[in-house]
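1. just the structure for this:
(3 chains)
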Amino acid sequence: MNSPSDPHAHSSTPVIVGGPGSGGAAGGSGGGASFHDALLDGLNPQQRVAVEYRGPALLIVAGAGSGKTSVLTRRIAGLIDSREAWPSQILAITFTNKAAAEMRERVGALLGQTAEGMWISTFHSACVRILRREAENFGFTKSFTIYDSHDSRTLIKRIIKDLQADTFGFTVSGVAGKISKLKNELADADSYARTANFNDPQEEIFVEIFRQYTRSLSAANAFDFDDLIGQTVYLFRAFPQVAETYRRRFRHILVDEYQDTNHAQYALIRELTLPVGENDDDSYALVHGFDGQRTAGLPGASLTVVGDSDQSIYAFRGADIRNIVEFERDFPGATTVLLEQNYRSTQNILTAANAVISNNFDRKDKKLWTDVGDGEKIIGFTGYSGHDEAQFVADEIATLHESGTPYKDVAVFYRTNAQTRALEEIFIRAAVPYRVLGGTRFYERAEIKDVLAYLIAVANPFDAMALRRILNTPKRGIGPATETALAVFAETNEVSYRDAMRRSSELGLGPKVTTAILDLAVLLDEATALIDPDRAEGPAPVSEVLALLLERSGYVVALRAGRDPQDEARAENVEELLAVTKEFAKNNPGGQLVDFLTEVSLVAAADELDDTSGTVSLMTLHTAKGLEYEAVFLTGVEEDLLPHRMSASEPGGPAEERRLFYVGITRARKRLYLSLAMTRAQYGETAVAMPSRYLQEIPADLIDWRQSPGMATSRGGTQPRALNANRPGGFSTRSSIRASDSLSFSESSLPPAPRTKAEWPNRITAQVRDNGDLELQPGDRIRHTDFGEGRVNAVTGEGTKRVAHVQFDAAGSKKLLIKIAPIEKIA
DNA sequence: GTGAAAGGAGTTTTT
DNA sequence: CTCCTTTCAC
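-> Residues are numbered from 1 along each chain as shown, chains lettered A, B, ... in the order given. As a prediction, this is how the structure comes out:
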């Protein structure tokens, strides 16, 4: 194995070695010593320590915006330049593929050359890479499929149905969640069964579901998302010599966003950083014909983790904050470096962030600070509705753009994907160029999954699920009955689903159906021949395979012939996928079909970001982690949304939601906007929304309320602008903001803002308009602040959700939420 | 086996 | 409100 003559992995001072092959090769960086200086250039003392420290384990507690990426890349570059490590001995784990690409590029830039052989990737990508190499050790092939959560659910749904487990109260999402949670704890069906209480019939059935799920996965030669990590750990534990290969290879392991690692990921890191013993176990060497490989033992790889427990926001998917909190205990000899100086945001933004997060008890006190000055105040806005709020955002973005902030430097965050709807509607109308990250992602669209299923069926003939998906897509007259018949045939004859298709003439089905199945089988075989590694002209590029499949299956033609108006867009999406395969070939010369499928399976929302796009970015708070923007709009800062209603019942829920809010705030460099709405539409109904408790945690003098929750509905209140967006003449959006500016008059007449938190709630929440139990009957006449007088036609809904259907004399008919609408009854 | 229509259920965050 | 499943007629 490649190894520098002396890795110096644990020497206390960095060793600088000049000469060819080391730092000297680093293009313009000059000799070793000056390169070393350049590495530390512009860093503060803590950052320098984080770059230079050498030891078995290092924890870098990096507050938001404290320059951790810079520290990590310099640390890696330093290790390589000083010849403490070959690039191939470095494994760096990032949270997204985009972050990985960025880090690789920055390390390359520092060194003046691309460092070949470094592994910089996400946990999932790294594990796929390992699993593809080693799959044959334990009953998989290297072309295994990766099931995304949607695929897992489809499979679970089928199993629940087969077992009729739904009658026992099992739901797909419940089972999927439980299995995922168990896998993150490295449990499997057997280990779970050992602890299960079999007097409980539910437990028994769950174990059976889990078993069948596991069996189906391995029969399909497939791993689900959680398996990628868990099975790698299993592989290392079951085959110590395989583990040793990787322990010997990776001498420096760096993990970013360590606070969001789950138990399985933690176990993986532990496995990789174990010392390598005096190779006294020969079984592997004997089996694999290695001989005389008895090398000396090695200490465990050096481990560097970077994280911030205040930014831990993935507990719901098993992230365990203890991994970082207990790091020093876990890894004896560990050193901790604290990075608190922030290079991203203004002091006002940081003060707000600090104030909010300090409400989480049970945390190490940490205060972000900066020397760039206070900056602008935070801008607050309360809309009448979600649309009104969106209009505010769109208006402000337009203003920002006019004053020179490019669209790409602006981001809009929200808690739930459902909130994009109102934003998109208004943005389209206001001609604000935007891009939604995540949401219904490109690769999750049905038509894309259909087409990918064709490719998967070719790459992995064992994947019955992919085959069943394409069996009747496009329509071939093959229904559920035939589909099941093939599955039964495959099972009873112990052949693959693909073989069952080839032998479909033995099933005694109708001639038309049989021909359809055989045609498909032939097409798949032809496509498979294209990617045969032994093919004379080498395996065909993915685009060629896809083109053949699309052409012969008639998928696109069928789409274009469809009557659904969205079918044309779907056909275009498929064309785009074809373009993606061509792009892939360009970027990955020699890239195989499985490589393409891997890449596609592991794209994250944040990977879709295109820095050159020139559009505003819309994303959830979760997706926003690790990103930063000149101006940030944090929308929907309301109770039941942030904190989300669902979090209330979970232990640690409200604290995690607060961290989410904190993450959102700290993404902003110069300008931060916090907005909320008084009512929010959810599934057809309109509900009252109350300001988030977290707003009260921000010192009052940091927020400049354009329209505060207390002001929004007071007398002379603002126009619900979304409803009046097209009002002609004179009453532009701008003037409506001015109208609300005049409100600051009444605001300033309030007593000085109380500083103590106890009195805060009054200021924000108590002034939201509340009509209490205002009783309205059909026939009553009312007066509305904006719409004038009208007649109540009907009242629907219960309690706070009572809605009046009103026919206004001038403004037409409206539906109003009685509790908070600016209305009064006229005698 | 297909397609339309009606009914019901469920709504967080994601690799 | 929307997505999904079920039901029913061809």
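
2. report the separation between A:Pro474 and A:Val451.
-> 11 Å (C-beta to C-beta, to the nearest Å). Where C-beta positions appear, they are placed from N, C-alpha and C, glycine not excepted.

3. likewise A:Ser70?
-> Counting by C-beta to C-beta, the separation of A:Ser70 from A:Val451 is 41 Å.

4. who has more neighbours out of those two?
-> A:Val451 (23 against 17; other C-beta atoms under 10 Å).

5. ok, the more buried one - contacts?
-> Applying C-beta atoms under 8 Å, 6 or more residues apart in numbering, we find A:Val451 in contact with A:546, A:549-550, A:555, A:574, A:577.

6. make it 7 Å
-> When contacts are counted by C-beta atoms under 7 Å, 6 or more residues apart in numbering, A:Val451 touches A:555, A:574, A:577.

7. hey, where'd the strands end up in the stretch 351-500 of chain A?
-> A:378-383, A:410-414, A:434-436 (DSSP state E, counting those that start in this stretch).

8. out of those strands, which is closest to DNA strand B?
-> With C-beta to the nearest atom of the strand, the closest approach to DNA strand B among those belongs to strand A:410-414: 8.5 Å.

9. ok, the closest residue to A:Gly479 other than its chain neighbours - how many residues close by?
-> Spatial nearest neighbour of A:Gly479, excluding adjacent residues (C-beta to C-beta, 6 or more residues apart in numbering): A:Asn472 at 6.9 Å. By the criterion of other C-beta under 10 Å, A:Asn472 has 17 neighbours.

10. same question for the one 4 residues further on.
-> Under the neighbour criterion other C-beta under 10 Å, A:Arg476 is assigned a count of 20.

11. show me what contacts it?
-> Listed by C-beta under 7 Å, 6+ apart, the contact set of A:Arg476 reads A:Ala516.

12. mean confidence score for the host helix or strand of A:Lys178?
-> Take DSSP states H and E as the rule and A:Lys178 turns out to sit in helix A:172-184. The average pLDDT for helix A:172-184 rounds to 91.

13. that helix near DNA strand B at all?
-> Yes - shown here: helix A:172-184 in contact with DNA strand B (C-beta under 7 Å from any atom of the strand) through A:173, A:180.

14. same check on stretch A:99-109?
-> No - under the criterion of C-beta under 7 Å from any atom of the strand, DNA strand B is not reached by stretch A:99-109; the shortest gap measures 10.3 Å.

15. what sits up against that stretch?
-> Under the criterion C-beta under 7 Å, 6+ apart, residues A:69, A:72-73, A:76-77, A:92, A:94, A:114-115, A:118, A:120-122, A:626 lie in contact with stretch A:99-109.

16. could you look up the SS state of the residue of the stretch 151-300 of chain A found nearest DNA strand C?
-> Using C-beta to the nearest atom of the strand, the point where the stretch 151-300 of chain A gets nearest to DNA strand C is A:Lys157, with a distance of 6.1 Å. Three-state call for A:Lys157 (DSSP: H, G, I helix; E, B strand; the rest coil): helix.

17. what residues are up against it?
-> Contacts for A:Lys157 (C-beta under 7 Å, 6+ apart) come out as A:Val172.

18. test my guess that A:Thr545 contacts A:Val458.
-> Rather than Thr, residue A:545 is Val. Yes - here A:Val545 lies in contact with A:Val458, judged by C-beta atoms under 7 Å, at a distance of 6.4 Å.

19. which of those two has more residues huddled nearby?
-> Per other C-beta under 10 Å, whichever of A:Val545 and A:Val458 has more neighbours is A:Val458, with 28 against 23.

20. need the pLDDT of the closest residue to that one other than its chain neighbours.
-> Leaving aside its sequence neighbours, A:Val458 sits nearest to A:Ala527 (C-beta to C-beta, 6+ apart; 4.5 Å). Looking at A:Ala527, its pLDDT is 94.

21. please report how far A:Ala527 lies from A:Leu577.
-> 15 Å.

22. that'll do, ta.
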